[in-house]
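K.L.:
any chance you could fold what I've pasted below:
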Amino acid sequence: MMKQLFCMLVISISLQTFAQADLTNAYYANQELDFDKAIEYLDKASQNPKSIAQEKYWRYRGDTYKNILTSPAHSPKYPDAAKLCIESYQKANELDKKQNYLTENQTNCLSEIGRAHV
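P.N.:
Next comes the predicted model:
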């Protein structure tokens, strides 16, 4: 019984580590302007309920889609980028209980709403 609990604990920690790695990789891929790779990592991270429960996941997703919108090479490939960007920042705000990123998320969200209506 103890071995089973230990194995379950190790597996749980491993899965969480991989999900965190996907978020970190998405962040760095976005910073390197490799948006396709960033989206790939975000999609992998979205399969983990713990990842999508984090404000950081949604903020990174919003940042990635925001950057895609400013990239003429990538924006045609992601026609829903503005919608996904806004939804991501809104969700990030919902999950940001301490409001550490509230201003940043609202500013980014509002800039995309303004751009979408111009």
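
K.L.:
immediately after the helix or strand bottoming out on mean pLDDT in the chain, which helix or strand?
P.N.:
Within the chain, no helix or strand scores below helix 2-31, which has a mean of 64 by mean pLDDT, DSSP states H and E. Downstream of helix 2-31, the first helix or strand assigned by DSSP states H and E is helix 35-45.

K.L.:
list the helices and strands that next one packs on?
P.N.:
Applying 3 or more C-beta pairs under 8 Å, 6 or more residues apart in numbering; DSSP states H and E, one finds that helix 35-45 contacts helix 2-31, helix 55-69. C-beta coordinates here come from the backbone N, C-alpha and C atoms, glycine included.

K.L.:
quick one: it to chain centroid distance?
P.N.:
Here helix 35-45 is found 8 Å from its chain centre; the criterion is C-alpha atoms, centre = their mean, to the nearest Å.

K.L.:
show me the contact partners of it.
P.N.:
Applying C-beta atoms under 8 Å, 6 or more residues apart in numbering, the set of residues contacting helix 35-45 from outside is 19, 22-23, 25-27, 29-30, 51-52, 57, 60-61, 64, 67-68, 71, 74, 77-78.

K.L.:
sketch out the low-pLDDT regions of this structure for me.
P.N.:
The model of the chain has pLDDT under 70 over residues 1-20, 109, 112-118.

K.L.:
now with 90?
P.N.:
Residue ranges of the chain with pLDDT under 90: 1-21, 70, 75, 96-118.

K.L.:
and Ala53, how far from Lys97?
P.N.:
Distance, Ala53 to Lys97, using C-beta to C-beta, to the nearest Å: 11 Å.

K.L.:
who has more neighbours, the two?
P.N.:
Using other C-beta atoms under 10 Å as the criterion, Ala53 and Lys97 rank with Ala53 on top: 10 against 7.

K.L.:
for that one, phi and psi?
P.N.:
Torsion angles at Ala53 (phi, psi; degrees, to the nearest 10) stand at phi -90, psi 0.

K.L.:
contacts only, for it.
P.N.:
Ala53 is in contact with Leu95, counting by C-beta under 8 Å, 6+ apart.
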